[in-house]
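> Show me the folded form of this:
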Amino acid sequence: MSPASTSVPKLSKSLLHPSGNQVATIAAGCFWGTENIYRKQYGDKLTDLKVGYANGVTTSPSYQDVCSGSTQHAESLQISFDPSKVSYKELIQFFFLMHDPTTENRQGPDIGTQYRSSIFTFNEEEQKIAEQVKQETQKKWYPNHTIVTTVEPITNFWDAEEYHQLYLIKNPEGYECPSHFIRTTPKV
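Below is the predicted model:
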């Protein structure tokens, strides 16, 4: 491993992350809608959220770079949360119900590797919880479809440009992926 690789950020440089908080990093298609639905569902239970680009092969990519498909980054969301208010497991359970985890490199009309379904973990405990929730969700919610969500260690996270942060709050009429809604029945 080269010395430069140890300086690659895995945590948003602007995420509020007080002592005792944990971080969940997910990719569920368009990061605007992912951020928006988590804010609506959890509100004050979350300390902070930042959209960005995770687990790609280039450093400090731009939105245009990521959209080209050449960087292998996923549009992602980092969530800083107090585990006494909401658990990592609950955030991951919600993840599987707020998007379609059975479509590879796609959410609704958004197609490309940047829209893949992934959970990026910081440690073995998160990896174990995410895999367990994935298996439970597969059986209960998607018995006739295969969940394609990857669960993998986070290797890098780059903040998206400022205009992407809180995008749907700043632009209430902005684009929301039609696959971002809370499922209430299993997929048939």
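
> Okay, the nearest residue to residue 142 once chain neighbours are set aside and residue 63: tell me how far apart.
Once flanking residues are discounted, residue 142 sits nearest to residue 187: 5.2 Å by C-beta to C-beta, 6 or more residues apart in numbering. For every residue, glycine as well, the C-beta is placed using N, CA and C. As for residue 187, its distance to residue 63 is 30 Å (criterion: C-beta to C-beta, to the nearest Å).

> More neighbours: which of the two?
Set side by side, residue 187 and residue 63 show more neighbours around residue 63, with 15 against 12, by other C-beta atoms under 10 Å.

> unless I'm mixing things up, the more buried one is touching residue 161, no?
Yes. In this structure, residue 63 is within contact of residue 161 by C-beta atoms under 8 Å, at 5.9 Å.

> joint contacts of those two?
Common contact partners of residue 63 and residue 161 (C-beta atoms under 8 Å, 6 or more residues apart in numbering): none.

> In contact with residue 164: list those residues for me.
By C-beta under 8 Å, 6+ apart, the neighbours of residue 164 are 31-32, 51, 63.

> Kindly recompute the last result at 6 Å.
residue 51 (C-beta atoms under 6 Å, 6 or more residues apart in numbering).

> Same check on residue 38?
Residue 38 is in contact with no residue at all, counting by C-beta under 6 Å, 6+ apart.

> which SSE is it in?
Here residue 38 is covered by helix 31-42, with elements defined by DSSP states H and E.

> Give the buried residues for that helix.
Residues of helix 31-42 classed as buried: 31-39, 41-42 (neighbour count, 16 or more other C-beta atoms under 10 Å).

> Can you tell me which residue is spatially central in the chain?
Centrality entry for the chain: nearest residue to the mean C-alpha point is residue 26, 2.0 Å, by C-alpha atoms, centre = their mean.

> the helices in the chain, which residues?
Per DSSP state H, the chain carries helices over the ranges 31-42, 63-67, 88-98, 124-141, 167-170.

> Would you quantify the distance from residue 143 to residue 136?
Distance from residue 143 to residue 136, by C-beta to C-beta: 12 Å.

> scratch that, residue 80 is what I was asking about
25 Å.

> low-confidence ranges in this protein?
1-6 (pLDDT under 70).

> Apply 80 and report the result again.
1-7 (pLDDT under 80).

> Contact partners for the nearest residue to residue 146 once chain neighbours are set aside?
In space, residue 146 comes closest to residue 102 once its chain neighbours are excluded; the distance is 6.3 Å by C-beta to C-beta, 6+ apart. By C-beta under 6 Å, 6+ apart, residue 102 lies in contact with 142, 145, 147.

> All good on my end, thank you.
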